[in-house]
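>>> heads up, no residue letters with this:
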């Protein structure tokens, strides 16, 4: 597998960092997992926790952290999807 471009690697790192900070600060989770899969030139970063979740309103509005993640992904023509069981 060829290495990811530096800008993509940095984007994935920063998104994982922010997401895990959000888990620690807001979710009341007991556990979280991070997975990264690269296939056909595309990277899929998946972060899952067993916390309290977010309301649809929180998804839409989000805070500075979510906005920053969206901006980073959009700058690389990627997509950001957040799902919650709340």
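Received it, and whenever you're ready, just let me know what you need. Here the structure is a predicted model, which is why all the values come from computation and not from measurement. Numbering: from 1, shown residues only.
>>> mind listing the helices for the chain?
6-22, 56-61, 64-75 (DSSP state H).
>>> low pLDDT regions in the protein?
1, 59-62, 86 (pLDDT under 70).
>>> picking that back up, can you put the helices of the chain in a markdown table and add mean neighbour count and distance to residue 37?
All C-beta spots, glycine's among them, are computed from the backbone N, C-alpha and C. Below are those laid out as a markdown table (neighbours: other C-beta atoms under 10 Å; distance: least, C-beta to C-beta, whole Å):
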| stretch | mean neighbour count | distance to residue 37 |
| --- | --- | --- |
| helix 6-22 | 15 | 11 |
| helix 56-61 | 11 | 23 |
| helix 64-75 | 14 | 16 |
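>>> which stretch among those comes nearest residue 84?
Of all the helices of the chain, it is helix 56-61 that lies closest to residue 84, at 6.8 Å by C-beta to C-beta.
>>> picking that back up, now tabulate the helices of the chain in a markdown table and tack on distance to residue 49.
Shown next, in a markdown table, are the helices of the chain (distance: least, C-beta to C-beta, whole Å):
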| stretch | distance to residue 49 |
| --- | --- |
| helix 6-22 | 9 |
| helix 56-61 | 15 |
| helix 64-75 | 15 |
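>>> For residue 43, find the nearest of the ones you listed.
Of the helices of the chain, the one closest to residue 43 (C-beta to C-beta) turns out to be helix 6-22, at 6.1 Å.
>>> Could you check how far the closest one is from the centre of its chain?
The chain centroid and the centroid of helix 6-22 are separated by 7 Å, computed with C-alpha atoms, centre = their mean, to the nearest Å.
>>> for that helix, packing partners?
Packing partners of helix 6-22 (3 or more C-beta pairs under 8 Å, 6 or more residues apart in numbering; DSSP states H and E): strand 32-39, strand 42-49, helix 64-75.
>>> Report the angle between the first one and strand 42-49.
Relative orientation of strand 32-39 versus strand 42-49 (axes from the mean of the first three to the mean of the last three C-alpha atoms, to 10 degrees): 170 degrees.
>>> and strand 32-39, what does it pack onto?
Using 3+ C-beta pairs under 8 Å, 6+ apart: strand 32-39 touches helix 6-22, strand 42-49.
>>> so how many other residues sit close to the nearest residue to residue 16 once chain neighbours are set aside?
Once flanking residues are discounted, residue 16 sits nearest to residue 34: 5.8 Å by C-beta to C-beta, 6 or more residues apart in numbering. Applying other C-beta atoms under 10 Å, we find 14 residues neighbouring residue 34.
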